[in-house]
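Novice: show me how the following folds:
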Amino acid sequence: MNTRKATVERLLIVALGAVAAAAVGWWLFYDVPDSLGELLGVVLVVVTVAVGVRVASRVAASRVSAHNVAEVAVEGPISRGGGRGPLPTGNVGTPADDIVDQIERADDGDAEALLLKLNTPGGEVVPSDDIRNAAIDFDGPTVAYATDTCASGGYWIASGCDELWAREASIVGSIGVIGSSVNVHELAEQLGVSYERFAAGKYKDAGVALKELSEDDRAYLQGIVDRLYDHFVERVAEGRGMDVETIRETEARVYVGTDAHGLGLVDELGTRDDVEDRLSELLDTDAVVQEFEPPRGLAVRLRRGAERVAYALGAGLSSHLDADGVEFRF
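Specialist: Below is the predicted model of the structure:
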């Protein structure tokens, strides 16, 4: 559908919805029940009009499409629930499941192309893979655009897109895996705290903070990291059309955009306008971008704000002493 025509139709639907709501509101709250008072009637009419406009806007958006590109953002640490990252920055990311839902919603709608905006240092392994798979499954061209940072799990996601664009000063790369565990067994001994093992399975408590890490445990945990790294390298090489050894030679370094482009880790360098021009070329028509965001209720916004404050004050420290021990992430 012609973009200008679609926009006019949407505005017409909204206008009709507003007029209808105003008429209903006037009849219900002002014209008939005189006992409510003129002032109260006017207020209720205004409220009814506002509700009518909102409903009409949603109807218009669902019935008349004015976009052909869906933009979905991956920002902050990548995790299943969108909580804090591994560093005390207070940076809370978008839940991976919500990002996947938005990509699928765009694919089910009128979007002919996907623009995946990436500004993330990475995060958990499986949630990153879920977003990557959703991008691969999108029916149409997929372009990833790195803004400030596209590292580790962010680059893993980008490798599932048809093209990766970045700015000259973007931070790109960090193709590696890290497993971490805080060990406080010496401090515990000084405090008179002892570790008693009740576990079934030789490696069940490998990496527990209160237990001294044996060489056998260390080899076992390092083996998991190595296997995840092999998987990461192979998938990136496949998605980017690069040699596996070339990826390994990066040794999980990060690069500025210009260097990443020279190494073939990035397809093109450019601004957001350049990316939209490229999407226009891929679609053979003007690209009209619409942001797809998960709904954010008041309770969610308050909860996530509280998480930022709590973690900034050090509330996340105890999680590193968890009995499960080791955390693996891109």
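
Novice: ok, which stretches of the stretch 201-330 of the chain are helices?
Specialist: Along the stretch 201-330 of the chain, the segments classed as helices by DSSP state H, counting those that start in this stretch run 215-240, 244-248, 257-263, 272-283, 298-312.

Novice: and those, which one is worst for confidence?
Specialist: Among the helices of the stretch 201-330 of the chain, helix 298-312 has the lowest mean pLDDT, at a mean of 51.

Novice: save the helices of the stretch 201-330 of the chain as JSON lines, and put in distance to Cys161 too.
Specialist: Just so you know, the C-beta spots here come from the backbone N, C-alpha and C atoms, and that holds for glycine as well. Formatted as JSON lines, the helices of the stretch 201-330 of the chain follow (distance: least, C-beta to C-beta, whole Å):
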{"stretch": "helix 215-240", "distance to Cys161": "8"}
{"stretch": "helix 244-248", "distance to Cys161": "16"}
{"stretch": "helix 257-263", "distance to Cys161": "15"}
{"stretch": "helix 272-283", "distance to Cys161": "12"}
{"stretch": "helix 298-312", "distance to Cys161": "27"}
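
Novice: those helices: which one's closest to Pro77?
Specialist: Minimum separation from Pro77 across those (C-beta to C-beta) falls at helix 298-312, 11.0 Å.

Novice: closest one to Gln102 among the helices of the stretch 201-330 of the chain?
Specialist: Per C-beta to C-beta, nearest to Gln102 of these: helix 298-312, 15.0 Å.

Novice: what number of residues lie near Thr285?
Specialist: 13 (other C-beta atoms under 10 Å).

Novice: if we can go back for a sec, any chance of the helices of the stretch 201-330 of the chain in TSV, plus mean neighbour count and distance to Gly207?
Specialist: Below are the helices of the stretch 201-330 of the chain laid out as TSV (neighbours: other C-beta atoms under 10 Å; distance: least, C-beta to C-beta, whole Å):
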stretch	mean neighbour count	distance to Gly207
helix 215-240	15	6
helix 244-248	15	26
helix 257-263	18	33
helix 272-283	17	42
helix 298-312	13	22
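
Novice: who wins for proximity to Gly176 among those?
Specialist: Short answer: helix 215-240, nearest of those by C-beta to C-beta, at 6.3 Å.

Novice: so what secondary structure elements neighbour the closest one?
Specialist: Counting by 3 or more C-beta pairs under 8 Å, 6 or more residues apart in numbering; DSSP states H and E, the packing neighbours recorded for helix 215-240 are helix 153-158, strand 178-180, helix 244-248, strand 327-329.

Novice: one more time with 6 Å, if that's ok
Specialist: Judged by 3 or more C-beta pairs under 6 Å, 6 or more residues apart in numbering; DSSP states H and E, helix 215-240 is in contact with helix 244-248.

Novice: chain neighbours aside, what residue packs nearest to Ala260?
Specialist: Of all residues not flanking Ala260 in the chain, Val172 sits nearest, at 4.0 Å (C-beta to C-beta, 6 or more residues apart in numbering).
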